[in-house]
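A.B. asks: what would the 3D arrangement of this be:
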Amino acid sequence: MESRPTTSSSNRPPSPSARSFTAATQRAGLMGSLSRLSGRPGTRTGPPTAMLSQMNIAERPMTQHGLVAPKTALKISQRQIQDKTYFIGLLRGKMMELNAETSRLLRDNESLSQEASYLLLVRKESRSVDC
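C.D. replies: Predicted coordinates for the structure are as follows:
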């Protein structure tokens, strides 16, 4: 163990992150010329494309799975086999829609009847005041 030389920070070669920007651009230029020899396209140097686009984050809907692109068209059922349980599920969905609509109509009817009775009461009071 003692025959091994000690390592100090002055003897170490510079780390890759300590290299200058010009060295990185020179390497990119070298890789571009090497890529022409290999037949593969090189990487494009320049600003990232994400910085160029002016995308508003509010335009992308947030879901349980993160950011997703909006769907372009409505999905039609992808189910291949339409058996008894499939149609029962459709019927249950329609029944729930009908029940919700019925309860909404009942609430509307009740509020209209209350308004009508209130209007009748106001008319009676206005007639008694006019006399």
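
A.B. asks: going forward, measure contacts and count neighbours with C-alpha atoms only.
C.D. replies: OK.

A.B. asks: next one: residue 83 from residue 89, what distance?
C.D. replies: According to C-alpha to C-alpha, to the nearest Å, residue 83 and residue 89 sit 10 Å apart.

A.B. asks: residues shared between the contacts of the two?
C.D. replies: Both residue 83 and residue 89 lack any common contact, where contact means C-alpha atoms under 8 Å, 6 or more residues apart in numbering.

A.B. asks: can you list the weak-confidence ranges in the chain?
C.D. replies: The chain contains residues with pLDDT under 70 at 1-2, 4-77, 79.

A.B. asks: now with 80, please.
C.D. replies: 1-81, 131 (pLDDT under 80).

A.B. asks: now do the SS call for residue 82.
C.D. replies: coil (DSSP: H, G, I helix; E, B strand; the rest coil).

A.B. asks: how about residue 78, secondary structure?
C.D. replies: Residue 78 - assigned by three-state DSSP - is coil.

A.B. asks: identify the residues contacting it.
C.D. replies: Contacts of residue 78 (C-alpha under 8 Å, 6+ apart): none.

A.B. asks: what about residue 111, which helix or strand?
C.D. replies: Here residue 111, judged by DSSP states H and E, is contained in helix 84-130.

A.B. asks: how many residues are close by residue 88?
C.D. replies: 11 (other C-alpha atoms under 10 Å).
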